[in-house]
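J.: Show me how the following folds:
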Amino acid sequence: MNLTTRVKLSTMMFLQFFIWGAWFVTMGTYLGKTLGASGTQNATAYSSQSWGAIIAPFIIGLIADRYFSAQKVLGVLHLTGAALLYYITTIPNFDGFLPVIFAYMIVYMPTLALVNSVSFKQMANPSKEFPPIRILGTFGWIVAGTVIGWLGWEANNTLVLTFQMAAVASLILGLLSFTLPSTPPAKKGQKSSMSDILGLDSIGLLKNSSYLVFFLASIAICVPLAFYYNFTNPFLNEVGMQKAAFIQSFGQWSELAFMALMPLFFVRLGVKKMLAVGMLAWVLRYVFFAYGNVGSNYWMLIAGIVLHGVCYDFFFVTGQIYTDNLAGERFKSAAQGFITLATYGVGMLIGSYISGPIVDKWKVSDTVHNWQTIWLIPGGIAAVVLIVFLLFFKDKNQIQTKSGLEIEDEPKGRLEV
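T.: Numbering: from 1, shown residues only. From the prediction side, this is the model:
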């Protein structure tokens with residue numbers, strides 16, 4: 001890959017996640033303070049991410065994979081997104097805001113797969129070349145949170161500027177996309193099937209009882225995850241944390257650090273313990289939030305945020321590796337699409353619709369919530385998922401993969417590597 005292509009792809013990845021991080025983290029605070037939205041309304045707005053994840057495979061499978069070059073579809077979607085993000089800043093009420101944010105997420109979520117497709121097409125060895133480019137995406141999310149925190153947009157109640165900032169970045173990325181290397185449709189001329197689009201060809205993996213337990217646990221653990229995404233920023237601002245969006249970016253720094261350490265943990269722990277540690281981190285995070293404050297227990301709030309790296313890397317990244325190794329070459333892509341649809345689609349959607357009414361139920365006044373009770377609920381859900389997982393996920397046999405990682409499977413299970 002030449003330097004010009006590397007710079008373009010790195011810039012693309014930075015902007016891709018800068019756009020998302022620019023408004024997503026603080027949207028709940030914006031909705032509550034600026035538009036007077038309830039907890040249920042806030043969660044409904046965040047459910048747009050899940051609906052976008054559910055609809056995204058149709059856009060990719062029916063359009064990008066068969067008719068148009070990925071970089072051109074990426075450009076059109078981001079230019080459309082820029083217009084929607086700017087328009088949303090002119091809307092003074094939640095009823096007008098909701099359909100626009102839904103439309104935006106239907107446009108944005110497919111771009112997550114498209115930036116990967118454009119990147120992989122230019123790489124001779126994606127396993128080595130992709131991580132240095134993908135890490136720019138996490139850095140973009142961190143920069144977005146840092147800008148919001150240090151400019152004081154939360155404290156000044158000017159979070160409408162986050163959408164404007166994201167709109168400008170989306171415009172830039174939309175224009176940049178048309179200069180990216182050509183990525184022609186991978187399945188041009190081929191017929192589409194519902195199984196192909198949704199990744200249902202990999203559903204046979206669920207015949208493996210251990211994988212079925214993992215799959216159901218993945219959906220269930222995304223229910224408490226929705227509480228974190230939907231209400232952490234409103235919670236931190238309500239309890240008086242300064243520069244909350246900036247502090248929340250510590251979770252992304254943690255994600256980077258634990259990602260680098262994951263190979264060491266794999267060797268020592270194996271898949272079952274890695275997944276269990278990830279779920280345990282979820283429980284601890286909500287306990288820290290429940291009992292943390294901006295006084296003597298300020299460290300609990302920081303710890304709960306920093307645990308994001310353990311929660312994400314140990315569960316989701318480990319789960320992706322586990323899925324990849326069990327699926328074999330034929331079903332790798334389908335299996336990853338299927339698990340993504342189940343987690344960020346179904347699991348997070350359930351979590352969004354559960355979290356909103358719970359937050360409203362424990363509202364003490366117009367500006368105060370009983371956050372201790374609120375956070376103990378997703379903590380309890382995560383604890384139940386962890387216990388069920390430990391009881392039913394069997395690791396009777398250790399199988400060594402080509403990558404050197406130990407993947408646990410049942411003796412009669414089939415593993416293609």
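
J.: Any idea how many residues pack against residue 115?
T.: 25 (other CB atoms under 10 Å). Every residue, glycine included, has its C-beta placed from N, CA and C.

J.: What ranges does the stretch 101-250 of the chain have for its strands?
T.: Counting by DSSP state E, counting those that start in this stretch, no segments of the stretch 101-250 of the chain form strands.

J.: Give me the residue ranges of it where confidence is low.
T.: 126-127, 185-204 (pLDDT under 70).

J.: So which residues of it form helices?
T.: 126-150, 160-177, 194-198, 209-238, 244-248, 250-291 (DSSP state H, counting those that start in this stretch).

J.: continuing past the longest one, what's the next helix or strand?
T.: Sequence-wise, the next helix or strand beyond helix 250-291 is helix 298-306, with elements assigned using DSSP states H and E.

J.: Would you mind listing the residues in contact with residue 106?
T.: Residue 106 makes contacts with 48, 51-52, 55-56, 59, as judged by CB atoms under 8 Å, 6 or more residues apart in numbering.

J.: same thing with residue 224?
T.: By CB under 8 Å, 6+ apart, the neighbours of residue 224 are 282, 286, 351, 378-379, 381-382, 385.

J.: the strands in the stretch 301-417 of the chain, which residues?
T.: 397-400, 406-409.

J.: about what we covered before: between the contacts of residue 106, which sits nearest residue 290?
T.: residue 48 (27.4 Å; CB to CB).

J.: Could you find the closest non-adjacent residue to that closest one?
T.: residue 105 (4.0 Å; CB to CB, 6 or more residues apart in numbering).

J.: What of residue 309?
T.: Distances taken as CB to CB, 6+ apart put residue 254 closest to residue 309, at 3.0 Å, once the chain neighbours are dropped.

J.: Surely the one you found touches residue 311?
T.: No: taking CB atoms under 8 Å as the definition, residue 254 is not a contact partner of residue 311, at 9.2 Å.

J.: Looking at these two, which is more packed in?
T.: Set residue 254 next to residue 311 and count neighbours by other CB under 10 Å: residue 311 wins out with 28 against 19.

J.: got a list of what residue 226 touches?
T.: 43, 46, 347-348, 350-352, 354-355.

J.: how about a cut-off of 6 Å?
T.: Going by CB atoms under 6 Å, 6 or more residues apart in numbering, residue 226 touches 348, 351-352, 355.

J.: Next step: those residues restricted to helices.
T.: Judged by DSSP state H, the subset of the contacts of residue 226 located in helices is 348, 351-352, 355.

J.: And residue 6, what's its pLDDT?
T.: We have a pLDDT of 92 for residue 6.

J.: neighbours of the closest residue to it other than its chain neighbours, just the number please.
T.: Nearest in space to residue 6, with sequence neighbours left out and distances taken as CB to CB, 6+ apart, is residue 133 at 7.2 Å. With neighbours defined by other CB under 10 Å, the count for residue 133 comes to 22.

J.: can I assume residue 133 is in contact with residue 13?
T.: Yes: applying CB atoms under 6 Å as the test, residue 133 and residue 13 come out as touching, 5.5 Å apart.

J.: how close does residue 57 sit to residue 338?
T.: 9 Å (CB to CB, to the nearest Å).

J.: The spatially most central residue of the chain: what's it in contact with?
T.: Centrality entry for the chain: nearest residue to the mean C-alpha point is residue 344, 6.9 Å, by CA atoms, centre = their mean. By CB under 6 Å, 6+ apart, the residues touching residue 344 are residue 53.

J.: And for the closest residue to residue 269 other than its chain neighbours, the neighbour number?
T.: Nearest-residue entry for residue 269: residue 277, 7.0 Å, with adjacent residues in sequence omitted and distances by CB to CB, 6+ apart. The tally of other residues near residue 277 (other CB under 10 Å) stands at 18.
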